[in-house]
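> Would you be able to build a 3D model of this:
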Amino acid sequence: MLHDKDRTTAMFSRYNLPRLFYVFSLVALLTLSSISQAQEKMVVDVIKPIISSNSQILRLSGSLTAEKHSMLSPRVDGLIAKVNVDAGSHVKKGDVLLNLDPTMSEYELKQVKANVGKVIADRNEADRMVKEAEGLVTRKTLPQNELAIRKANLALKKAELLSVSASQSIIEETIRRHELIAPFSGVISNKMTEMGEWVSRGDPVLELVNLDEIWLDINVPQEHFADISRAASVTVISDTYPEQRLKGQIQSVVPVSNSLARAFLVRVTLDNKSLSLLPGTSATAEFNIQLMNDVPLVIPRDALLINPDSSHSVFIIEDDKALRRKVELGRTTADGVNITHGLSVDDWVVIRGNEVLHHEQLVSINQARD
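Below you'll find the predicted structure:
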């Protein structure tokens, strides 16, 4: 007769062996399914690297500014008597743009001229007395010290005449400065005053812009500093005239980087005599950069994978297997990414399906492009 423990063991074996057999069968089935899936080929698209040229087009946008742009202000304080221009007026260098009321300065000039006339008469009289004294001293009828006194008085009158003549010149120049003269040819872009207003030196009254020469200021990323030179070819496309391709020339490359934008300023000059480019609008510059180093191969950005150490790799196909290969990157262009090391021109590079591939996984090529 079985003991209770043996009876329990027998019952457990009777009822659980079928269940254990079912579990083991299920595990085996899943294992075989996984192996089958692992052997199934992944469908991918591939492409061969292309050989890049030794030049690169760098496209960057910037703002157009006028080479000559001035906020004009009067040269003296005064009351505006007349404004000869308005916004939009075309002016030439030397044109009178604005007149101040010169009445008070003209009165001062009359006063100074009268003083100058008086001093000239005094100087002439002092000069006459010196000449008279020189004759009397020669005849020994006048003491020598009297002649010295008269010469000293003549010198004082001459100095006084120089002083009042200088005062007259100042007043005359002040009257001339009652006219605001155009410093260069251009267009009045803004009128900020009217007749009857009192203005002071430094107050802007007119804005003058020369549209013949236009600058395009561009912030170029710092990694391109070694590539940009004044001899580089530049083509400019204005947003206001997108169908026109203008020839530009690099005027200056400012070798100081903006610490916030990590960029440096490049200024391109344009001849605006044929087109009316508007300062303040945007434009795109295409820099034709000649590459100094050999960067022969280019692949699409989609082919790149990032490794755990932040390096990059791609999958290439050999004998129907995907092999992961580490690559070194060069510059990024509009055509793709330059590869400096890790690829050859005959490699087939996976560009679609590479995100789920594993090293040495079997693949099937869906589309291949040379």
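> pull the longest strand from the protein.
In terms of residue count, the longest strand belonging to the chain (DSSP state E) is strand 55-72.
> Give the buried residues for that strand.
Of the residues in strand 55-72, those scored as buried under the neighbour-count criterion (16 or more other CB atoms under 10 Å) are 56, 58, 60, 62, 64, 66-67, 69-70, 72. Heads up, the C-betas are built off the backbone N, CA and C, glycines and all.
> Report the beta-bridge partner residues of the nearest residue to residue 86 once chain neighbours are set aside.
Nearest residue to residue 86, sequence neighbours excluded (CB to CB, 6 or more residues apart in numbering): residue 191, at 5.6 Å. Assessed by DSSP bridges, residue 191 has beta-bridge partners residue 206.
> The helix or strand just after the longest strand of the chain: partners in the sheet, and parallel or antiparallel?
Proceeding N to C from strand 55-72, the next assigned helix or strand is strand 78-83, under DSSP states H and E. Pairing partners of strand 78-83, with direction, according to DSSP bridges: strand 96-100 (antiparallel), strand 198-199 (antiparallel).
> ranking those by burial, who's on top?
The highest mean neighbour count among the strands paired with strand 78-83, using mean count of other CB atoms under 10 Å, belongs to strand 96-100: a mean of 19.
> got the angle for it vs strand 55-72?
Strand 96-100 and strand 55-72 are oriented at 30 degrees to each other (axes from the mean of the first three to the mean of the last three CA atoms, to 10 degrees).
> List of residues touching strand 96-100?
When contacts are defined by CB atoms under 8 Å, 6 or more residues apart in numbering, strand 96-100 is touched by residues 72, 74, 76, 78-85, 91, 178-182, 188, 193, 199, 205-206.
> The longest strand of the chain packs against which elements?
Strand 55-72 sits against strand 206-221, strand 263-271, strand 282-290, with contacts defined as 3 or more CB pairs under 8 Å, 6 or more residues apart in numbering; DSSP states H and E.
> Now with 6 Å, please.
Using 3 or more CB pairs under 6 Å, 6 or more residues apart in numbering; DSSP states H and E, the elements in contact with strand 55-72 are strand 206-221, strand 282-290.
> centre of the chain versus whichever helix or strand comes after the first one, how much separation?
Right, the one you point to is strand 206-221. Once the chain leaves strand 206-221, the next helix or strand it forms, by DSSP H and E, is strand 233-238. Its chain's C-alpha centre lies 14 Å from the corresponding centre of strand 233-238 when counted by CA atoms, centre = their mean, to the nearest Å.
> Could you give me the buried positions within strand 233-238?
Taking 16+ other CB under 10 Å as the criterion, strand 233-238 shows 234-238 as buried.
> Mark out where each domain of this structure begins and ends.
According to automatic domain parsing, the chain comprises the domains 42-52+295-369, 60-66+211-290, 102-177.
> all strands of the stretch 101-250 of the chain, in order?
Along the stretch 101-250 of the chain, counting by DSSP state E, counting those that start in this stretch, strands occupy 179-181, 186-191, 198-199, 206-221, 233-238, 246-258.
> Who are the packing partners of the last one?
If contacts are counted by 3+ CB pairs under 6 Å, 6+ apart, strand 246-258 sits against strand 233-238, strand 263-271.
> and the shortest one, which strands flank it?
Read it as strand 233-238. Each strand that strand 233-238 pairs with, and the sense of that pairing, follows from DSSP bridges: strand 246-258 (antiparallel), strand 282-290 (antiparallel).
> Out of those strands, which is the most enclosed?
For the strands paired with strand 233-238, ranked by mean neighbour count under the definition mean count of other CB under 10 Å, the leader is strand 282-290 at a mean of 18.
> Name the residues that touch that strand?
For strand 282-290, the surrounding residues in contact (CB atoms under 6 Å, 6 or more residues apart in numbering) are 55-61, 63-64, 216, 218, 227, 232-239, 268.
> relative to strand 206-221, how tilted is it?
With the same axes, to 10 degrees defining the directions, strand 282-290 sits at 40 degrees from strand 206-221.
> got the CA positions of strand 282-290 in CSV?
The C-alpha atoms that make up strand 282-290 are tabulated as CSV, following Å, rounded to 0.1, in the frame of the first residue of the first chain:
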residue,chain,number,x,y,z
SER,A,282,17.0,89.2,-48.3
ALA,A,283,19.1,87.5,-50.9
THR,A,284,20.9,84.2,-51.3
ALA,A,285,24.6,83.9,-52.2
GLU,A,286,26.1,80.8,-53.9
PHE,A,287,29.8,80.5,-53.2
ASN,A,288,31.7,78.3,-55.5
ILE,A,289,34.3,76.8,-53.2
GLN,A,290,37.3,74.9,-54.5
